[in-house]
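**Q** Fold the following for me, if possible:
(2 chains)
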Amino acid sequence: QLQESGPGLVKPSETLSLTCTVSGGSISTPAYYWGWIRQSPEKGLEWIGIIYYSGTTYSNPSLKSRLTISVDTSKNLFSLKLSSVTAADTAVYYCARQKAGGYWYFDLWGRGTLVTVSS
Amino acid sequence: QSALTQPASVSGSPGQSITISCTGTSSDVGSYNLVSWYEEHPGKAPKVVIYEVTKRPSGVSDRFSGSKSGNTASLTISGLQAEDEANYYCCSYAGSDTVVFGGGTKVTVL
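**A** Numbering: from 1, shown residues only, chains lettered A, B, ... in the order given. Below is the predicted model:
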């Protein structure tokens, strides 16, 4: 299972921080990448990025300059930080699991957490 | 990297078949057999129903099928049931270790 957690309200220009806790298996498996996807009424689903247990990351070019994805294998979780947020970053944020090896699809998702950017 | 294009809504009666299109470009859908489809019921986690254009994960009904022609992928739901009423999203590998999603299609069972 995947479970997102973090503040539901972030002020404009601040940093959005979310954590995804992985349960029922080890995040250190070479079989999967771990990713973030968000959903807004305006854009639908938007891929944010993924991370491997080794720390290798791949990210959406449009967010890359503001984005940090990290992994903590000792706590079996991975995290998202998005800096300088605006109202356009308001969305439901999902964490998800992607099968490694060039498959590029997400076979397990968290239930999502709504993050609102507002003063 | 632009979002894939899906119709906003598709509807059908119980028992009918419906098809949802997903149009991309030669840089994503047209270049890779790495299109996946996700079913999303409000308030629940999205669920993959098709991956690699035509493959169905274990446990997904065989009423779901996928195909691709050129830059357009399609999801067909046959024998439409009330439980199929949901939002459906397509997704494609877009090269350079990135993926792109579609805008989503709301399926209504009449």
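**Q** From the centre of chain B, point out the most distant residue.
**A** If you look at how far each residue of chain B sits from its centre, by C-alpha atoms, centre = their mean, the farthest one is B:S96, at 22.2 Å.
**Q** That residue: what secondary structure?
**A** coil (DSSP: H, G, I helix; E, B strand; the rest coil).
**Q** now the one 4 residues further on
**A** Three states are possible here, and by three-state DSSP the one that applies to B:V100 is strand.
**Q** That one and A:G44, how far apart?
**A** Separation of B:V100 from A:G44 (C-beta to C-beta, to the nearest Å) stands at 11 Å. (Glycine included, C-beta is placed from N, CA and C.)
**Q** Of those two, give the one with the bigger neighbour count.
**A** Of the pair B:V100 and A:G44, B:V100 is the one with more neighbours under other C-beta atoms under 10 Å in any protein chain shown, namely 23 against 18.
**Q** For chain A, see how far away the more buried one is.
**A** Distance of B:V100 to chain A, given as C-beta to the nearest C-beta, to the nearest Å: 7 Å.
**Q** doesn't B:T23 make contact with that residue?
**A** No - counting by C-beta atoms under 8 Å, B:V100 does not reach B:T23; the two are 11.7 Å apart.
**Q** Between the two, which contacts overlap?
**A** When contacts are counted by C-beta atoms under 8 Å, 6 or more residues apart in numbering or on different chains, the set common to B:V100 and B:T23 consists of B:L4.
**Q** now the strands for chain B?
**A** Assigned by DSSP state E, the strands in chain B fall at B:9-12, B:18-23, B:35-40, B:47-50, B:64-69, B:72-77, B:86-93, B:99-101, B:105-109.
**Q** In JSON lines: those strands, plus mean pLDDT.
**A** Formatted as JSON lines, the strands of chain B follow (pLDDT from 0 to 100):
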{"stretch": "strand B:9-12", "mean pLDDT": "97"}
{"stretch": "strand B:18-23", "mean pLDDT": "98"}
{"stretch": "strand B:35-40", "mean pLDDT": "96"}
{"stretch": "strand B:47-50", "mean pLDDT": "96"}
{"stretch": "strand B:64-69", "mean pLDDT": "98"}
{"stretch": "strand B:72-77", "mean pLDDT": "98"}
{"stretch": "strand B:86-93", "mean pLDDT": "96"}
{"stretch": "strand B:99-101", "mean pLDDT": "95"}
{"stretch": "strand B:105-109", "mean pLDDT": "97"}
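**Q** what about the ones you listed, which gets the closest to A:L114?
**A** Relative to A:L114, the nearest member of the strands of chain B by C-beta to C-beta is strand B:35-40, separated by 14.6 Å.
**Q** who does the closest one touch, helix- and strand-wise?
**A** The helices and strands touching strand B:35-40, judged by 3 or more C-beta pairs under 8 Å, 6 or more residues apart in numbering or on different chains; DSSP states H and E, are strand B:18-23, strand B:47-50, strand B:64-69, strand B:86-93.
**Q** Run me through the strand neighbours of that strand, direction for each.
**A** Neighbouring strands of strand B:35-40 in its sheet, by DSSP bridges, are strand B:47-50 (antiparallel), strand B:86-93 (antiparallel).
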